[in-house]
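S.K.: can you look at this prediction? I've put the sequence above it.
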Amino acid sequence: MNSDSPLLQASQLRWQAAATHIVHDVSLHVGQGELVGLLGPNGSGKSTLLRMIYRILRPASGTVHADGRNIWQHGARDNARAMAVLAQENGSEFELCVRDVVLMGRTPHQSPFARDSAEDFRIVSESLERVSAMPLAERIFSTLSGGEKQRVLMARALAQQAPLLVLDEPTNHLDVRHQFELMNLIRDLGLTTLAALHELPLAAHYCDRLYLLKNGHLVAQGAPAEVLTPETIADVYGVKAQVRPSRRTGKPLIEFLPDEML
Ligand SMILES: Nc1ncnc2c1ncn2[C@@H]1O[C@H](COP(=O)(O)OP(=O)(O)OP(=O)(O)O)[C@@H](O)[C@H]1O
């Protein structure tokens, strides 16, 4: 792959359910090392778009290239080496212990019927440490709280050691400290990341660039200060807000005005 080309390139993706268009010709890219946020209100099409990107939903039209390769011309295992996913439907059915859930992240690197190696176990432990979930290692996954599950699934994605991370609401269920810890981790990993986020302040602080969806259409894209304006927040979310640059970081600080609903 040309080192200038984006690690993820989604072009003109469209998806419809029956006669209803859910995602309309959306294109996005994520360059090497970028942390890119996908924003939009409930039902705007974020998960549907991400499912096309991580090869669960076949688009009605459009293409997805990860690491320079068309994802539909390669098998799931090949794609799993290029892209690790933390999805919204997080398999609360797992009756496995946490260590084994994270070990599942190693599958794309193992040959069929191979036993887990010492290296696999080392990577699993390291991944659990990184999300502060080592004390949970022997617990049954289904008995964890929502936030604990989210951290363990993040550890599984890390154990996959793919260059590209696709995260659907990774901060879902996390308290404010764990939200910051996870976003700090994602930023500090230096991986290439596309993350659907609901918390606009987190997106403003952490993301290099943002894409904003409304009713399945891309309505804004660019740096956080370009996308998160009072006008776009009012238009897309129907909420009044004031935005000013932080004196400390220069990044947009958003003050919502919930008593002045539009
Ligand atoms: N298989 C389907 N059949 C019919 N409608 C669907 C299907 N999948 C998604 N939708 C609809 O498409 C729209 C977009 O859903 P999607 O889950 O992509 O939104 P989202 O932006 O991720 O929402 P949220 O923030 O609430 O998770 C919703 O109105 C949803 O009901």
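M.R.: Structure's in. What do you need? Numbers count the residues shown, from 1 in each chain.
S.K.: quick one: the helices in the stretch 1-150 of the chain?
M.R.: 46-53, 76-82, 98-103, 118-130, 146-159 (DSSP state H, counting those that start in this stretch).
S.K.: could you report the neighbour count for residue 251?
M.R.: 16 (other CB atoms under 10 Å). Every residue, glycine included, has its C-beta placed from N, CA and C.
S.K.: which ones are touching it?
M.R.: By CB atoms under 8 Å, 6 or more residues apart in numbering, the residues touching residue 251 are 204-205, 224-225, 245.
S.K.: of those, which are in range of the ligand?
M.R.: Counting by CB under 6 Å from any ligand atom, nothing from the contacts of residue 251 sits close to the ligand.
S.K.: in strands only, show me those residues.
M.R.: Among the contacts of residue 251, DSSP state E puts residue 245 in strands.
S.K.: tell me which entries of the contacts of residue 251 lie within helices.
M.R.: Taking DSSP state H, the ones among the contacts of residue 251 that sit in helices are 204-205, 224-225.
S.K.: and of the residues you listed, the nearest to the ligand?
M.R.: Closest approach to the ligand among the ones in helices among the contacts of residue 251 (CB to the nearest ligand atom): residue 204, at 17.8 Å.
S.K.: quick one: that closest one and residue 252 touch, right?
M.R.: Yes. Using CB atoms under 8 Å, residue 204 is in contact with residue 252, at 4.5 Å.
S.K.: overlap of the contact sets of the two?
M.R.: If you check residue 204 and residue 252 against CB under 8 Å, 6+ apart, the residues they both contact are 224, 228.
S.K.: what's the most distant pair in the ones in helices among the contacts of residue 251?
M.R.: 205 and 225 (11.6 Å; CB to CB).
S.K.: with neighbour numbers in mind, choose between those two.
M.R.: Of the pair residue 205 and residue 225, residue 205 is the one with more neighbours under other CB under 10 Å, namely 18 against 14.
S.K.: still on that earlier bit, of the ones in helices among the contacts of residue 251, closest to residue 95?
M.R.: Residue 95 has its nearest neighbour among the ones in helices among the contacts of residue 251 in residue 205, at 37.3 Å by CB to CB.
S.K.: what separates that closest one from residue 242, distance-wise?
M.R.: Using CB to CB, to the nearest Å, residue 205 is found at 17 Å from residue 242.
S.K.: could you do residue 151 as well?
M.R.: To residue 242, residue 151 is 33 Å away according to CB to CB.
S.K.: which residue of these two possesses the greater neighbour count?
M.R.: residue 151 (24 against 11).
S.K.: do you know the pLDDT at the residue nearest to that one when sequence neighbours are not counted?
M.R.: Computed as CB to CB, 6 or more residues apart in numbering, the closest residue to residue 151 that is not its neighbour in sequence is residue 131, at 4.3 Å. Model confidence at residue 131, given as pLDDT, is 90.
S.K.: with residue 93 instead?
M.R.: In this model, residue 93 is scored at 65, pLDDT.
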